[in-house]
Structure formats: C-alpha cells, structure tokens
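# give me the fold of what follows.
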Amino acid sequence: MLFALNVVGTENLEKTNMKRTTVLRKAIMERRAVAVVGCHDAMSAKVIEACGFEAIQISGYGLAASWLSKPDVGLVQMKDVLDITWNIAQAVNIPVMADVDTGGGNAVNAAAITERLIAMGVAGMNIEDQVFPKRCGHMAGKEVIDADEMAGKVRACADVRDRLDKDFIINARTDAFSVLGLDEAIRRCNLYLAAGADLAFIDGIKTKADIQKAIKALKGLLSVNLMDAISGMKTELVPIPELAKMGVGRVSIPVASCMVAHKALTDFFKALKASPTGTLPGQTQWVSSFEQFTDFVGLKDYRKLEDKYLPRQRLEEKYRGVRKIVG
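Model (predicted):
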C-alpha cells in the first residue's frame, strides 16, 4: 500500500511476514467459519478493518447500489468492478475478496480477470454459475449455465492461480439451489471443487439442516452467506460458532455495509428535513466529528508526508504558521 502509515491490521501481516493471500487461505482452511464481511467502497472497507475483522468481501450488490444506485442485475461493467476493487484493496491491509459475478464472459475471460486480481493484490474471488446478466442470489428469476461450462471457468481460473499465486482463493458459487434444488447444487459444487475451486458456495441455501447436508456431501470446504432474517435474506441465521463446529470454511456477511449506510443516511436526512431550523444542533449521535473523520481517512498521515517531503518555506506559506491539522 502506497505510503501506508499507522493502518489497523499492518502489524499482523508484518509479524507473520505473510502475503494477504496466505493469511486468507490459512484462516479459511482452519474450518472455523471465518467472517469475511461485505463492503461497498474503500471507506466501508476501512471501517470493517478498523472494527477488527480479519477479511473483507466486496459486495457485488453493494457496488451496483453505491456506484449506480441500481439493483444487482448485471449492470456494473467489469472495468468498473476492477477499478473499485483496486481502490478497496489499496485502502486496507487485511485480505480482500473480489466479486467478479460470472467472470466477465467465458473461461478465457475469467482467467484474464483472475490474472488482473492477483496482480492487484486481491486475496481471492467469487465466481458464479449464473446466466449473464446475473442477479443477486437472494432475488427471484435466476438462471444457471451448464455445470460443465462453469467447471471450465473454474479450471481456467485455477490454472492462473497455480501459476501466479497458489494461495489465491477461488470461491465457486452455484445459484442452482433455488431453481434446481439442493442435490443439484451439491453436485455442481463437487464438480467445481474437482476443477480446482478452494471453496464451494451454495447461494440462497435455506436451513441449518441444508447446510449440514451440504457439508457432509461436499468433497471440500463450504462457504455460506449470513444476514439477519429481517433483512429479507433467505438463509437461516445460524450463529457463526455453530457453523465453525460444523466445519464451514468461510461466512460472508454480504450487503450489510450498503444497507446500514442506506438506513443511516435516510434517518439522518429525514431528521434534518423535519427540523424547523434546518439544522440539528447538539445531536452528535448522527455523525462523527470532523476531526474524527479526517483522522480516520488519514489526514494526519498525509501531513506527516508533507512535513517530510515539501520544502519548509512552502509549508510555511501553505499553512501560514498554523500547525493544527484541522481548521
């Protein structure tokens, strides 16, 4: 990370001297249901890291909603996905998993995307077997491609992984559960695992019993999504310690950051609009202070860089003798 100073998570990587791909692989292979929390932009990723989580999943729905204010129905261009993924990967020090939806086309396209992600320092990716244009796994109207075609995509991505970084994680997602049933979803997952996937992800799986059946039947690690049922997600809310005892490798908490941001913004601006003065004096519960926020995004770190590299006379002219960072 360029000019990274005092960023949460740096110490862990420095002590272990491990790449982010290695850190993520180690955590997942421990079968402790490591929480990989969904972000929608660089700032939400930094918040997740600052709160102590081990790894981040970029939310495909989060990108569609925050970038375009559109639903997750295949509208975000792959170039934009890669650009935003780069920003997020540079903003944090913990491992980041990308969401490349259907892989940008066929197996050849998916392999090229994998090369780009590894070069960007991303630790892993999700790739799914939906028909393009895809949609969020918890929406109706999903369609899936032939399982052998998806296995070819996974095999192409795995060949790139094995050549460039053997620790890069490939999470192969099937959306077959809602349209073809659990048995077909399990069959597909085993096909994708045999093709080289590190994890298999049955999106939209419903119950704890379904998860248990899948774990027993899979010839590899299972990944699941979790969100509170009140949010409208389809999967039963099983406590993460229980999933760890069951042997789940990874748990993603997908669109939480975007949904939290939507509610917080809505509540704040409704209150502001309803205020007779057009202000909310003293109601500090709504926002971080300006100084807290500028500290979080690293203004003090950049001032240190200015002090280090800019001529002293230029600094005096710029700040007119004021040494405060804010104001």
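# next, count neighbours for Ser257.
By the criterion of other C-beta atoms under 10 Å, Ser257 has 23 neighbours. C-betas here are computed from N, CA, C, even on glycine.
# show me what contacts the nearest residue to it once chain neighbours are set aside?
In this structure, Ser257 finds its nearest non-sequential neighbour in Ser44, 4.0 Å apart by C-beta to C-beta, 6 or more residues apart in numbering. Ser44 makes contact with Gly62, Ser257, Cys258, Ala261 under the criterion C-beta atoms under 8 Å, 6 or more residues apart in numbering.
# any buried residues in whatever helix or strand Ser44 lives in, and which?
For Ser44, the host element (DSSP states H and E) is helix 42-50. Under the neighbour-count criterion of 16 or more other C-beta atoms under 10 Å, helix 42-50 has Ala42, Met43, Ser44, Ala45, Lys46, Val47, Ile48, Glu49 buried.
# quick one: the second one from Ala256, how far?
In this case it means Met43. 14 Å (C-beta to C-beta, to the nearest Å).
# and the spatially most central residue of the chain, which of the three is it?
Closest residue to the average C-alpha location of the chain: Gln57 at 1.6 Å, with C-alpha atoms, centre = their mean. Here Gln57 is strand, with the state taken from DSSP: H, G, I helix; E, B strand; the rest coil.
# show me what it is bridged to.
For Gln57, the residues forming beta bridges with it (DSSP bridges) are Gly38, Met97.
# next up, the contacts around it.
Val36, Val37, Gly38, Cys39, Val96, Met97, Asp99, Asn126, Ser252, Ile253, Pro254.
# one more time with 7 Å, if that's ok
By C-beta atoms under 7 Å, 6 or more residues apart in numbering, the contact list for Gln57 reads Val36, Val37, Gly38, Met97, Ser252, Pro254.
# ok, Val160 touching Ile113?
No - counting by C-beta atoms under 7 Å, Ile113 is not a contact partner of Val160; they are 9.0 Å apart.
# more crowded one of those two?
Ile113 (25 against 21).
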